[in-house]
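In: Below: sequence and its predicted model.
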Amino acid sequence: MPEDGILDGIAPALWFCTVAVSRRLVRTLSVIAAALSRAPTASVQTPESGLCPVSPVSSDRIQTGSSVDRCWRRTLTTGLPAAIFLVTLMAFVPALDGQFVNWDDDRNFLGNTAYRGLGWPQLRWMWTTTLMGHYIPLTWMSLGVTYLLHGMNPWGYHLGSMLIHGANAVLFFFVARRLLAAARAPSLVSSLAGAAFTALVFAIHPLRVESVAWATERRDVLCGFFFLSSVLGYLRSVEPGEQTRRWRLLSLAAFVAALLSKAQALPLPLALLILDVYPLRRVRQLSWRRVAMEKIPYVALSIAGAIIALVAVANGSGFTNYHQYPASARLGMTAYSLAFYPWKWLWPVGLSPLYELPARVDPLAPRFLIPLFVLAAMTTLLVILRHRWPAGLAAWGYSALMVLPVVGPVHAGHQLANDRYSYLSGLGFALLAGAALIWLLKAERHGVIRRFPLRVGAAAAPLILLGLGALTWIQAGGWRDSETLWTWAVELDPECAACYSNLAEAIARDRPHEAESALLRSLALRDRPVTRSNLGAVLELQGRIEEAQRMYQEALRADPDLPEALANLGMLHANRGRHSQALPLLRRAYQVAPEFPGVRRSLPHVLERRALELADSDQMAEAQALLAEASTVVSREIPRTVRR
């Protein structure tokens, strides 16, 4: 399918699916409306309609055992997951028109042939690589499947992430249904309505866009799938009458898969412990010792996963410099991050692909001091209210727990926060939203509130979902291509140096003079070696070779192992026939970053050209040594693409 027509092709397909389930959705909405009003239904259905028999329906009668009520119950429990899946897909349709962007997609997909297929060479690479600081073999395998199905067409990668995210929404519906029921939801209808609202608030929240619309973040949605599967298996294992051992083993297997998809699932053992305290209340029924002992297998897996993740980061991107960001700065960074995600969950506007980490973090500056006080005040308040509102403290603690592995002491990257880190940490807040809807329904039943506030609350729920869906639709369109992404980013934060640098890279070939201006703006905000290397590349495109060479050299003086500058300066020399000067640079680039795009192709080529020069001057031994080196580089090349 042509890339320009993705929306035209996919929208009719989704519309067809919507029509196919519309009858089931009508039944579901009819049951909920009848249950909330506790009035009998008056419509008469023909046998051909396939709808359930007409009968007075209430939230109490739904739980009885008559054939009529069983029919309504089946309608509710099967129609809602289908609706949740479709609504989730519809919210992200603009993502299907997205291209690969110059925000890791270039290194993960465009310049990387190693993942393209599922042959033994590809599988060996997937299970051994720590590319860009991540050990994610299952994610790479899923991307290998996507390549076999769709090649290098970006829409296939986006579609795969959307489908997994839709499945996650359905999984979370079943998880939420059990947790809300454990918190004593008054009826089946109330728990189903609350669980559906919970799942949709999670699934179509604008904070999800980065994880779904960005091809690189397949690891987020895949990790989420196995994380939720593990939680669901655990919940099944603690239900009375269930086969505890089988469900617990399935939960552990899913946890392993989550860790092999992304390390963000590491805190799962403590998350399960929070659930044991509330809403499951297993700690009261059993004991702290027994509940903690159950988590030993999870803890062992988590420790192993943490060790692997730390090694991967150390071998890949590396941790944030501890000299530049000491303990006091990391305290401020942690406080900011822990407050950022609840706030953006409540007010999801101004979301950006990059919230840049300042060059210096002053923990006494208002930007970092205010979140610290807010955290202390909110935590104190929730601890005081823990007996009256235990759900609030549980959701708050869970959110902090799930983001701690990526902030503070083990921080890595240019970001102060990332939308994608909320994918798992926001689940607790979504449950609070579902619980609020259930409370509203329960309060009306017991006469705590009048019918008018109930109607206002009932009307607010779909309006909230509509607003979230609209924001998500708009947000997903921002990931259409690199230029759109970074133009939007610099509009949101005109002080983001990395955003200007990435924008320049996106427009360099078509508008090199504008790219130069953007890079100069980036350097004015923050002088980074990689920005100087990028400026050298833009100058080289304009034919300003001497200026480009100086920029590369300045970048290497600041960072002698910068692969971009090593490769760029090496190829500048090679393109001008200076192969003897190019070789040390390209060799060093290959040594520090063997998977860097272009280095594996450029180095053997330059080695061969230099060997020919030596052969022409009768230096045959040296020429043969260079040819042998070139052969070694080629033989060690990352796996070749599997032809489709």
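Out: It's in.
In: Give me the below-cutoff pLDDT ranges for the protein.
Out: 1-76, 185-186, 242, 317, 444-454, 597, 635-644 (pLDDT under 70).
In: Domain-wise, how is it divided?
Out: 3-477, 481-560, 576-644 (automatic domain parsing).
In: which residues touch the nearest residue to Leu468 once chain neighbours are set aside?
Out: Spatial nearest neighbour of Leu468, chain neighbours left out: Ile204 (5.0 Å); criterion: CB to CB, 6 or more residues apart in numbering. C-betas here are computed from N, CA, C, even on glycine. Residues counted as contacts of Ile204 (CB atoms under 8 Å, 6 or more residues apart in numbering) are Val87, Thr88, Ala91, Leu465, Leu468, Gly469, Thr472.
In: Select, out of the domains of the chain, the one closest to Leu569.
Out: When the domains of the chain are ranked by distance to Leu569, counting by CB to CB, first place goes to domain 481-560 at 3.8 Å.
In: Kindly check the end-to-end length of that closest one for me.
Out: 32 Å (CA to CA, to the nearest Å).
In: How far away from the center of its chain is it?
Out: A distance of 27 Å separates the centroid of the chain from that of domain 481-560, by CA atoms, centre = their mean, to the nearest Å.
In: same check, this time on stretch 469-488
Out: That offset, for stretch 469-488, works out to 15 Å (CA atoms, centre = their mean).
In: from the contacts of Ile204, which is closest to Val189?
Out: Leu465 (18.1 Å).
In: okay, now that closest one: neighbour count?
Out: 19 (other CB atoms under 10 Å).
In: Surely it and Phe202 touch.
Out: No - checked against CB atoms under 8 Å, the pair Leu465 and Phe202 is beyond contact range at 11.1 Å.
In: Make a markdown table out of the domains of the chain and add distance to Gly570.
Out: A markdown table is the format used below for the domains of the chain (distance: least, CB to CB, whole Å):
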| stretch | distance to Gly570 |
| --- | --- |
| domain 3-477 | 16 |
| domain 481-560 | 9 |
| domain 576-644 | 3 |
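In: Go through those and name the closest to Leu566.
Out: Taking the domains of the chain one by one with CB to CB, domain 576-644 is closest: 3.7 Å.
In: Name the SS class of the residue nearest to Tyr147 when sequence neighbours are not counted, please.
Out: Excluding its sequence neighbours, the residue lying closest to Tyr147 (CB to CB, 6+ apart) is Arg116, at 4.7 Å. Put simply, Arg116 is coil when judged by DSSP: H, G, I helix; E, B strand; the rest coil.
In: and if you look at His387?
Out: Classified using three-state DSSP, His387 is coil.
In: number of nearby residues for the closest residue to Thr139 other than its chain neighbours?
Out: Nearest-residue entry for Thr139: Arg219, 4.2 Å, with adjacent residues in sequence omitted and distances by CB to CB, 6+ apart. Taking other CB under 10 Å as the criterion, the count of residues near Arg219 is 24.
In: Contacts only, for Arg219.
Out: Applying CB under 8 Å, 6+ apart, the residues near Arg219 are His134, Ile136, Thr139, Ser261, Lys262.
In: residue boundaries of the strands in this structure?
Out: 355-356, 415-417 (DSSP state E).
In: Out of these, which gets nearest to Val407?
Out: Checked against CB to CB, the stretch from the strands of the chain lying closest is strand 415-417, at 8.0 Å.
In: Show me what that closest one is packed up against.
Out: helix 327-346, strand 355-356 (3 or more CB pairs under 8 Å, 6 or more residues apart in numbering; DSSP states H and E).
In: and that strand, which residues are buried?
Out: Gln415, Leu416, Ala417 (16 or more other CB atoms under 10 Å).
In: Pull the distance from that strand to the chain's centre.
Out: For strand 415-417 - counting by CA atoms, centre = their mean - the centre lies 14 Å from the chain centre.
In: what lines up beside it in the sheet?
Out: strand 355-356 (antiparallel) (DSSP bridges).
In: And the contacts of the partner strand?
Out: Contacts for strand 355-356 (CB under 8 Å, 6+ apart): Phe340, His414, Gln415, Leu416, Ala417, Asn418, Asp493, Glu495, Cys496, Ala497, Ala498, Cys499.
In: Put the buried members of those residues into a PyMOL selection.
Out: Buried subset of the contacts of strand 355-356, written as a PyMOL selection, criterion 16+ other CB under 10 Å:
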select buried, resi 340+414+415+416+417+418+493+496+497+498+499
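In: and the contacts of strand 355-356, which two are the farthest apart?
Out: Top of the distance list for the contacts of strand 355-356 (CB to CB): Phe340 and Ala497, 20.0 Å.
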